[in-house]
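>>> Below is the structure, and that's it, no one-letter string:
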């Protein structure tokens, strides 16, 4: 078996691994909430002078009712996103096992809430049961991934043990009978998590949430670096070259970490209160998924919008010209599967070179531009299909320099693709003439 065969087999198995797929599908299901919450944050922090200033000061002010709506939308989405993720991930893992999706999701939620530390007082007054929203928000996404994966595994396995199931007479309604039959599996699963939480606190002196966040903190810091960004981009391109969906494989790991980083950016944005003169890149993370979507994957993975424009410039073959005409509109919305499989780029050693080099080059340039303070960091989450220029402006909270950086990246991609497209197009023309 060749290296390509082994790599393809590995990538295929990885993309179909049920736990990684459950995490990926779980977050995909939450995308409407993420986008709505991010939109509220963008509206609240519109780049308008005086937007958040008190009435009576110069500038156009945001209506108080609008700010209240935006705050409440954020509270109903991002403030409880970890809770939604617990149910969603457990649901999809149970679905992969052909298990009971809803009951598995509810048991996972019970396990999650059982681990949340409870305060005993607020301002000196007794208030047992008080919990911090940090345990329900994106700040606790790592726990929101670990708990449902383990809870679903335990609950599903216990359910397969007939000795743990309670069988009621056939006269009992099926819904009631099913609920009673899983009492022991549900109780055992929740009890295991309660005991595990007590053990973790006894060993570390921290509650489970703090312990897990500290455990994954090095991963979060490592992800927000140029080196990790280059690795992510390279792996994404590499899997595409094998005919595998790169974002699906890499995204299952990147998504939760990126959400954690973007949460910090959104909090830093809120702290600015609309005053961008106080912006300091040191308070923001650079290497996030919105960064890759905005500056690197322009036209899709491989910065293929540059490839399509290069075809319009030097392409003469019927195949390449017709393909470029049909793919330019989808490419403007980051959809490039027709290009990857139509040229094709998959297993094409000639086009593989610019397909890797172009996104790597623009990743380095974009990271350095933001790190130097020439362009703002990403502060919002947009649909991945947002067209270039609009995405650059919105994702940075209205920074026109982000639009300029996107334009520069497209030009660079065109220059990198041009010589390779010229050679590939010449080869295709020779085929058409014979």
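Done, it's in. Note that this is a predicted model, so its numbers are computed, not measured.
>>> Surely residue 403 and residue 393 touch.
Yes: between residue 403 and residue 393 there is a contact under CB atoms under 8 Å: 5.4 Å. Quick note: C-beta positions are derived from backbone N, CA and C, even for glycine.
>>> pLDDT on the helix or strand encompassing residue 359, on average?
According to DSSP states H and E, residue 359 maps onto helix 349-371. The average pLDDT within helix 349-371 is 95.
>>> One more: stretch 179-191?
On average, stretch 179-191 scores 88.
>>> buried ones in it?
By neighbour count with 16 or more other CB atoms under 10 Å, stretch 179-191 contains the buried residues 181-182, 184-186, 189-190.
>>> From these, pick the one nearest residue 356.
Set against residue 356, the nearest of the buried residues of stretch 179-191 by CB to CB is residue 189 (44.9 Å).
>>> how does this protein divide up, domain by domain?
Domain ranges of the chain: 12-216, 224-433, per automatic domain parsing.
>>> circling back to that earlier point, can I get the buried residues of stretch 179-191 in CSV with distance to residue 139 and secondary structure?
Shown next, in CSV, are these (distance: CB to CB, whole Å; DSSP: H, G, I helix; E, B strand; the rest coil):
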residue, distance to residue 139, secondary structure
181, 37, helix
182, 32, coil
184, 34, helix
185, 30, helix
186, 28, helix
189, 25, helix
190, 23, helix
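>>> Need the residues you listed in CSV (columns: distance to residue 233).
Conversion of those to CSV gives the following (distance: CB to CB, whole Å):
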residue, distance to residue 233
181, 49
182, 45
184, 48
185, 43
186, 43
189, 39
190, 42
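>>> I'd like to know which of these is nearest to residue 418.
Distances from residue 418 to these, taken by CB to CB, are shortest for residue 189, at 58.4 Å.
>>> so the closest one touches residue 159, yeah?
No: using CB under 8 Å, residue 189 makes no contact with residue 159, being 9.6 Å away.
>>> And the strands in this protein?
119-122, 125-130 (DSSP state E).
>>> Any idea which of those has the lowest pLDDT on average?
strand 119-122 has the lowest average pLDDT among the strands of the chain, namely a mean of 58.
>>> Leaving out the residues flanking it, which one is nearest to residue 387?
residue 332 (5.1 Å; CB to CB, 6 or more residues apart in numbering).
>>> Flag every buried residue along the helix holding residue 359.
Across helix 349-371, burial judged by 16+ other CB under 10 Å covers 351-352, 354-363, 365-367, 369-370.
>>> Also stretch 90-100?
Judged by neighbour count (16+ other CB under 10 Å), stretch 90-100 contains these buried residues: 90-97, 99-100.
>>> Okay, and which of those residues map to helices?
Of the buried residues of stretch 90-100, the ones assigned to helices by DSSP state H are 90-96.
>>> just curious, which of those residues is nearest to residue 202?
Using CB to CB, residue 90 is the member of these that lies nearest residue 202, at 26.7 Å.
>>> So the closest one is in contact with residue 150, correct?
No: proximity of residue 90 to residue 150 does not meet the contact threshold set by CB under 8 Å, at 9.7 Å.
>>> tell me the centre residue of the protein?
Central residue of the chain (CA atoms, centre = their mean): residue 255, 3.0 Å from the mean position.
>>> Which pLDDT value belongs to that residue?
What the model reports for residue 255 is a pLDDT of 77.
>>> Now do the contacts for it.
Counting by CB atoms under 8 Å, 6 or more residues apart in numbering, residue 255 touches 23-24, 27, 289.
>>> do that again at 7 Å, thanks
Going by CB atoms under 7 Å, 6 or more residues apart in numbering, residue 255 touches 24, 27, 289.
>>> from the buried residues of stretch 179-191, which is closest to residue 112?
residue 190 (10.1 Å).
>>> now that closest one: how far from residue 182?
12 Å (CB to CB, to the nearest Å).
>>> Grab the nearest non-local neighbour of residue 381.
Nearest non-adjacent residue to residue 381, counting by CB to CB, 6+ apart: residue 38, 4.0 Å away.
>>> and that neighbour, how many neighbours?
Residue 38: 24 surrounding residues under other CB atoms under 10 Å.
>>> That one contacts residue 379, doesn't it?
No: Residue 38 is not in contact with residue 379 according to CB atoms under 7 Å; the separation is 9.2 Å.
>>> from memory residue 74 sits against residue 43, does it?
No: Residue 74 lies out of contact with residue 43 (CB under 7 Å); the separation is 10.3 Å.
>>> okay, those two: which has more neighbours?
Using other CB under 10 Å, the more surrounded residue of residue 74 and residue 43 is residue 74, with 20 against 15.
>>> residues contacting that one?
37, 40-41.
>>> same thing but 8 Å
37, 40-41, 44.
>>> likewise residue 17?
Contacts of residue 17 (CB under 8 Å, 6+ apart): none.
>>> same deal with residue 376?
So residue 376 contacts 276, 279, 281, 284, 370, 396-397, 399, 401-402 (CB under 8 Å, 6+ apart).
>>> What's the separation between residue 238 and residue 345?
In terms of CB to CB, residue 238 sits 12 Å off from residue 345.
>>> And the two? Which one has more around it.
A side-by-side neighbour count of residue 238 and residue 345, using other CB under 10 Å, places residue 345 first with 24 against 18.
>>> Quick check: closest non-adjacent residue to the more buried one.
residue 351 (4.9 Å).
>>> Likewise for residue 306?
Nearest residue to residue 306, sequence neighbours excluded (CB to CB, 6+ apart): residue 413, at 2.5 Å.
>>> how many other residues sit next to the one you found?
Residue 413 is flanked by 28 other residues according to other CB under 10 Å.
>>> In the stretch 301-434 of the chain, what residue spans correspond to helices?
Here the stretch 301-434 of the chain has its helices, by DSSP state H, counting those that start in this stretch, at 304-314, 318-332, 337-342, 349-371, 390-395, 400-433.
>>> and of the ones you listed, who's closest to residue 199?
With CB to CB as the criterion, residue 199 lies closest to helix 349-371 of those, at 41.4 Å.
>>> name the helices or strands packed onto that closest one?
When contacts are defined as 3 or more CB pairs under 8 Å, 6 or more residues apart in numbering; DSSP states H and E, helix 349-371 sits against helix 226-241, helix 289-291, helix 304-314, helix 400-433.
>>> nearest to residue 141, of those helices?
Smallest distance to residue 141 across these (CB to CB): 13.0 Å, for helix 289-291.
>>> quick check: mean pLDDT across that closest one?
93.
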